[in-house]
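1. Sequence and predicted structure are below.
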Amino acid sequence: MEGVEHRMLNINGISMHVAEKGQKNHPVVLFLHGFPEIWYTWRNQISAFAALGYRAVAPDLRGYGDTESPEAADSYNCLHVVGDLVALLDSLGAEKVFVVGHDFGAQIGWYLCLFRPDRVRAYVALTVPFRPRHPKMKPIESMRAFFGEEYYMCRFQKPGEIEAEIATYGTREVLKKIITDRKPGPPSLPKGNPFGISPNASPQLPSWFSEDDLKYYVNKFEQKGFTGGLNYYRALDLNWELTAAWTGAKVKVPVKFIVGDQDMVYTTPGMKEYVHHSEGFKKDVPLLEEPVVLEGVGHFLNQERAEEVNTHIHNFIKMF
């Protein structure tokens, strides 16, 4: 990608790869990717926001791409990961930034807003809304009760298990299946063939994700593996323990939420009701703008509808 600068930074005890574009003195937009992704998911945002007068910064989060991967799952808890981001902002000399998060990156963005609202000018969450901490039920226990043992976050819990199943089908086919899948939620991964991959019928890539894009992803995940990314899910119960002090806390930064109507999260039972009910999402995030639901759009909306999503992001953050 033309004009994108790649740097390795030593922050918070790890080595982090950061891709960025834009003048150093311009307002920073920090882009946080999800699973299974890397900085490259923001390729359509980085150049666009640099051209709009921002400094676009997209790190590989710990465990991904060219960033260091600590071995222990508890090294991926919310305090460590938000610590990475605060140290990154300090390294950039950015006191307060705009934040855009997608998928698990959106969850990390919520933690950043909750723990350090003083560092966030405004936040745009893609696909994953804020969910308040349940004081009596741990997340995995709750998910098992509601969605069963095959629910994807439950299937991610046992170290090495899903990694072995991914290896059986190959990095390329698994990534291709995840990116092209538009099955409504809640996502389940049955044992045996968790991703529903057919040996004789590989799905066709959509127009917004090229063969070269897939090759870039595959190269990075074959180098790094999936364990780092999966460890974020393995730390969910630990996050619940660590955030007891934030039970009932509200997110008090300006927020925009954007989701596709075919997104697996949005179509999970109970999610639409929470997002659109005045006693739900808006109550927990008082400065929430009216949510944007894009018709005919799946989970990877920042890639599928890049220009439209960029316009929504820019129209929101330019107010601050």
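-> On my side now, so go ahead.
2. roughly how far apart are the residue lying closest to Trp39 once chain neighbours are set aside and Lys282?
-> With C-beta to C-beta, 6 or more residues apart in numbering as the criterion, Trp39 has its nearest non-adjacent residue at 4.1 Å, and that residue is Ala58. Just so you know, the C-beta spots here come from the backbone N, C-alpha and C atoms, and that holds for glycine as well. To Lys282, Ala58 is 29 Å away according to C-beta to C-beta, to the nearest Å.
3. Give me the more crowded residue out of the two.
-> Ala58 (27 against 18; other C-beta atoms under 10 Å).
4. ok, now how distant is the more buried one from Val28?
-> 11 Å.
5. for Arg116, same thing?
-> Applying C-beta to C-beta to Arg116 and Val28 gives a distance of 14 Å.
6. what about the two, which has more around it?
-> Legend: neighbour count by other C-beta under 10 Å for Arg116 and Val28, higher for Val28 (23 against 16).
7. Can you list phi and psi of the more buried one for me?
-> When read as degrees, to the nearest 10, the backbone of Val28 gives phi -90, psi 130.
8. tally of neighbours for the closest residue in space to Ser142 that isn't next to it in sequence?
-> Spatial nearest neighbour of Ser142, excluding adjacent residues (C-beta to C-beta, 6+ apart): His134 at 6.4 Å. Neighbour count of His134, defined by other C-beta under 10 Å: 12.
9. what's the answer for Ala167, then?
-> When neighbours are counted by other C-beta under 10 Å, Ala167 comes out with 13.
10. In which helix or strand does it reside?
-> Following DSSP states H and E, one finds Ala167 within helix 161-169.
11. same for that helix, what does it pack against?
-> When contacts are defined as 3 or more C-beta pairs under 8 Å, 6 or more residues apart in numbering; DSSP states H and E, helix 161-169 sits against helix 227-234.
12. Direction-wise, compare the helix it packs on with helix 161-169 and give the angle.
-> Angle, helix 227-234 to helix 161-169, by axes from the mean of the first three to the mean of the last three C-alpha atoms, to 10 degrees: 140 degrees.
13. and helix 227-234, how far from the chain's centre?
-> 12 Å (C-alpha atoms, centre = their mean, to the nearest Å).
14. Not counting sequence-adjacent ones, nearest residue to Pro286?
-> Using C-beta to C-beta, 6+ apart and skipping the chain neighbours, the partner closest in space to Pro286 is Lys250 (5.9 Å).
15. quick one: what helix or strand has the residue nearest to Glu5 when sequence neighbours are not counted in it?
-> Nearest residue to Glu5, sequence neighbours excluded (C-beta to C-beta, 6+ apart): Glu20, at 5.4 Å. According to DSSP H and E, Glu20 maps onto strand 14-21.
16. Which positions within the helix or strand just after that strand qualify as buried?
-> Going down the chain from strand 14-21, the next helix or strand is strand 28-32, by DSSP H and E. By neighbour count on 16 or more other C-beta atoms under 10 Å, the buried set for strand 28-32 is Val28, Val29, Leu30, Phe31, Leu32.
17. The residue nearest to Pro286 is in contact with Lys282, isn't it?
-> No: Lys250 is beyond contact range of Lys282, at 10.4 Å (criterion: C-beta atoms under 8 Å).
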